[in-house]
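[1] With the sequence up front, the predicted model follows.
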Amino acid sequence: KNEVEQSPQNLTAQEGEFITINCSYSVGISALHWLQQHPGGGIVSLFMLSSGKKKHGRLIATINIQEKHSSLHITASHPRDSAVYICAGSIRDDKIIFGKGTRLHILP
Amino acid sequence: KAGVTQTPRYLIKTRGQQVTLSCSPISGHRSVSWYQQTPGQGLQFLFEYFSETQRNKGNFPGRFSGRQFSNSRSEMNVSTLELGDSALYLCASSYSGGAGYNEQFFGPGTRLTVL
């Protein structure tokens, strides 16, 4: 069992829909990262959080430390949001462990 | 400010050869981390360098090594290449600490194919 689990693995939605991607982890972490990877491989760091909630534009990330769970929300989704979203946790000694990613496809 | 750059972007090698990949961090960033991404295993942490010292290492064999220079540029080396080493190799830089405390800025990656 992976230490960082994401769901769903794949998600297809219509433009404008509200999107939620979930991340659960089974180890202690010092920070939780949400990353976005577009076709071609480039990765962009969306959020790094250790508690509460962060918002950037149409993206919102939340984390519940007690439940070891984080969610990434996208409001008013757009085809350009189509990408792989990866959850990652920073563990002891600053090592980082990754989820397998959620492939999101937004249809126009 | 220029982003993280990696060279080369694509590389084809044969089994048994060795390869060196290069990463130039964002100016002023002192921490460089390396990651391997494969379809089967996803993203995996290789190692992190800070001020020319390896601070952390993932669970990879000794064939994978790296170093960091005084200007924070980093190289990683894979010796005796195996087919399973085919992957996208990403580096990421951050200002001071590692992934636990600082946002990471990723390079475009080097896609290595081992034949």
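    Received, thanks. Residues are numbered from 1 along each chain as shown, chains lettered A, B, ... in the order given.
[2] From here on, just use CA atoms for contacts and neighbour counts.
    Noted.
[3] What parts of chain B come near chain A?
    B:41-45, B:56-58, B:88, B:98-109 (Cα under 8 Å from any Cα of the partner chain).
[4] if you look at those residues, which of them are in strands?
    Among the residues of chain B next to chain A, the ones falling in strands (DSSP state E) are B:42-45, B:56-57, B:88, B:105-106.
[5] the bottom helix or strand of chain A by mean pLDDT?
    None of the helices or strands of chain A scores lower by mean pLDDT, DSSP states H and E than strand A:96-98, at a mean of 89.
[6] Each with direction, which strands does it pair with?
    strand A:83-90 (antiparallel) (DSSP bridges).
[7] Show me which positions of the strand it pairs with end up buried.
    Across strand A:83-90, burial judged by 16 or more other Cα atoms under 10 Å in any protein chain shown covers A:83-90.
[8] Looks like B:Ser93 contacts B:Arg30 (just checking).
    Yes - if you go by Cα atoms under 8 Å, B:Ser93 and B:Arg30 touch, sitting 7.2 Å apart.
[9] re earlier: hmm, who's touching the least confident helix or strand of chain A?
    A:3-4, A:86-91, B:42-45, B:99-100 (Cα atoms under 8 Å, 6 or more residues apart in numbering or on different chains).
[10] near chain B, anything from stretch A:63-74?
    No - judged by Cα under 8 Å from any Cα, stretch A:63-74 and chain B are separated, with a smallest distance of 15.1 Å.
[11] mind checking the end-to-end distance for that stretch?
    End-to-end distance of stretch A:63-74: 15 Å, with Cα to Cα, to the nearest Å as the criterion.
[12] Which residues are in contact with B:Thr110?
    So, once contact is read as Cα under 8 Å, 6+ apart, B:Thr110 ends up touching B:6-11, B:21, B:88-90.
[13] And the furthest pair within those?
    Spatially, the most separated pair among the contacts of B:Thr110 is B:Leu11 and B:Leu90, at 13.5 Å (Cα to Cα).
[14] Between those two, point out the one with more neighbours.
    Set side by side, B:Leu11 and B:Leu90 show more neighbours around B:Leu90, with 27 against 15, by other Cα atoms under 10 Å in any protein chain shown.
[15] ok, back up a step: if you rank the ones in strands among the residues of chain B next to chain A by neighbours, which is first?
    Neighbour max across these (other Cα under 10 Å) = B:Phe106, 26 neighbours.
[16] ok, how many other residues are close to the residue lying closest to that one once chain neighbours are set aside?
    Spatially, and ignoring its direct neighbours in sequence, B:Phe106 is nearest to B:Ala92 (4.1 Å; Cα to Cα, 6 or more residues apart in numbering or on different chains). Number of residues near B:Ala92 (other Cα under 10 Å) recorded here: 29.
[17] same deal with A:Thr12?
    Around A:Thr12 there are 12 residues (other Cα under 10 Å).
[18] and it, helix, strand or coil?
    strand (DSSP: H, G, I helix; E, B strand; the rest coil).
[19] how about the residues of chain A near chain B?
    So far as Cα under 8 Å from any Cα goes, chain A lies against chain B at A:30-31, A:41-45, A:47-48, A:90-91, A:93-101.
[20] which ones among the residues you listed are found in helices?
    Per DSSP state H, helices hold no members of the residues of chain A next to chain B.
[21] hmm, which of the residues you listed are the buried ones?
    Using 16+ other Cα under 10 Å, the buried members of the residues of chain A next to chain B are A:30-31, A:41, A:43-45, A:47-48, A:90-91, A:94-101.
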